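**Student:** Sequence and computational prediction follow.
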Amino acid sequence: MSLPHDPPPRRKLHHTLRNLRRVPLWLLALLLVASLVVFVLAYRQNNLTALQLRDTLLQVDKDNGDVEGALRDLREFTYSHMNAGLAADNGVYPPIQLKYRYDRLVAEANAKAAEPRDDRQIAIDAANHCNTRVGVRNDCVSAYLEARVTAQPPTIPDALYKFDFAAPIWSPDLAGWSLVAAVFLAMTLVIKIASQRWLESRIRNHA
């Protein structure tokens, strides 16, 4: 006479449940919390580093130092790290505006405008320009001379002293990989809990 034994489906369910329980839920939860802590700290540090690089850039600009080098350091860091954007709290856009570079560019433009002009050549150019305008030659010459002789305020292109660098949504740095780990662990934890409950329910139904 054969001894009673668990039906095969139930044994298989027990075996699967034991395998799931080899990695305890508390360990997954602990790893998830650790990943989230690392992510928050690294995410915040990215922004702090970007702010430090911005402050360094502004100081270099004030000291008339290697502005291009400081700009390059900030740009490369921002482009390669999430949460490294520098949106201004006061609503100023773009958030990076190099005041002292602007002042230097204005001074250079004013110095260039103050250089001696070849008024004779300007008059010749005016005559040549207006020869084709029959009936309005005198007015044309006057307008041409006024446009080129009268001092005009310098216009500095914004691209020379205003900057804004966009940070990526995700980056392969400590913050990015810890976020990936946290998402993976959270999904694993949810699937593990759901699977264990489903298996326990199936085992009870086979009892």
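**Tutor:** Okay, I see it.

**Student:** Tell me the secondary structure of residue 155, please.
**Tutor:** In three-state terms, and counting by DSSP: H, G, I helix; E, B strand; the rest coil, residue 155 is coil.

**Student:** contacting residues for the residue nearest to the spatial centre of the chain?
**Tutor:** The residue lying closest to the centre of the chain (Cα atoms, centre = their mean) is residue 167, at 1.3 Å. By Cβ atoms under 8 Å, 6 or more residues apart in numbering, residue 167 lies in contact with 46, 50, 78-79, 81-85. From N, CA and C alone the C-beta is placed, and that goes for glycine too.

**Student:** Let's have the residues you listed in a markdown table, adding neighbour count and distance to residue 66.
**Tutor:** Output for the contacts of residue 167, formatted as a markdown table (neighbours: other Cβ atoms under 10 Å; distance: Cβ to Cβ, whole Å):
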| residue | neighbour count | distance to residue 66 |
| --- | --- | --- |
| 46 | 24 | 24 |
| 50 | 20 | 19 |
| 78 | 25 | 18 |
| 79 | 13 | 19 |
| 81 | 24 | 22 |
| 82 | 20 | 27 |
| 83 | 20 | 26 |
| 84 | 27 | 21 |
| 85 | 16 | 23 |
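
**Student:** Which one of the residues you listed is nearest to residue 201?
**Tutor:** Set against residue 201, the nearest of those by Cβ to Cβ is residue 82 (41.1 Å).

**Student:** quick check, the closest one in a strand?
**Tutor:** No. Remark: residue 82 does not belong to a strand; assigned using three-state DSSP, it is coil.

**Student:** State the distance from it to residue 42.
**Tutor:** 9 Å (Cβ to Cβ, to the nearest Å).

**Student:** How about residue 50?
**Tutor:** 13 Å.

**Student:** And for residue 35?
**Tutor:** Residue 35 is 10 Å from residue 42, by Cβ to Cβ.

**Student:** For those two, list the residues in contact with both.
**Tutor:** Taking Cβ under 8 Å, 6+ apart as the criterion, residue 35 and residue 42 both touch residue 178.

**Student:** Go ahead and confirm residue 64 touches residue 100.
**Tutor:** Yes. If you go by Cβ atoms under 8 Å, residue 64 and residue 100 touch, sitting 6.9 Å apart.

**Student:** which of these two has more neighbours?
**Tutor:** More crowded of residue 64 and residue 100, by other Cβ atoms under 10 Å: residue 100, with 16 against 10.

**Student:** Tell me which helix or strand the more buried one sits in.
**Tutor:** Residue 100 is part of helix 99-113, with elements assigned from DSSP states H and E.

**Student:** What ranges does this protein have for its strands?
**Tutor:** Secondary structure of the chain by DSSP state E: the strands cover 96-97, 162-163.

**Student:** Need those strands in CSV (columns: distance to residue 172, mean neighbour count and mean pLDDT).
**Tutor:** Formatted as CSV, those follow (distance: least, Cβ to Cβ, whole Å; neighbours: other Cβ atoms under 10 Å; pLDDT from 0 to 100):
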stretch, distance to residue 172, mean neighbour count, mean pLDDT
strand 96-97, 25, 19, 94
strand 162-163, 24, 18, 94
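
**Student:** Output these as TSV; include the columns distance to residue 71.
**Tutor:** Conversion of the strands of the chain to TSV gives the following (distance: least, Cβ to Cβ, whole Å):
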stretch	distance to residue 71
strand 96-97	8
strand 162-163	7
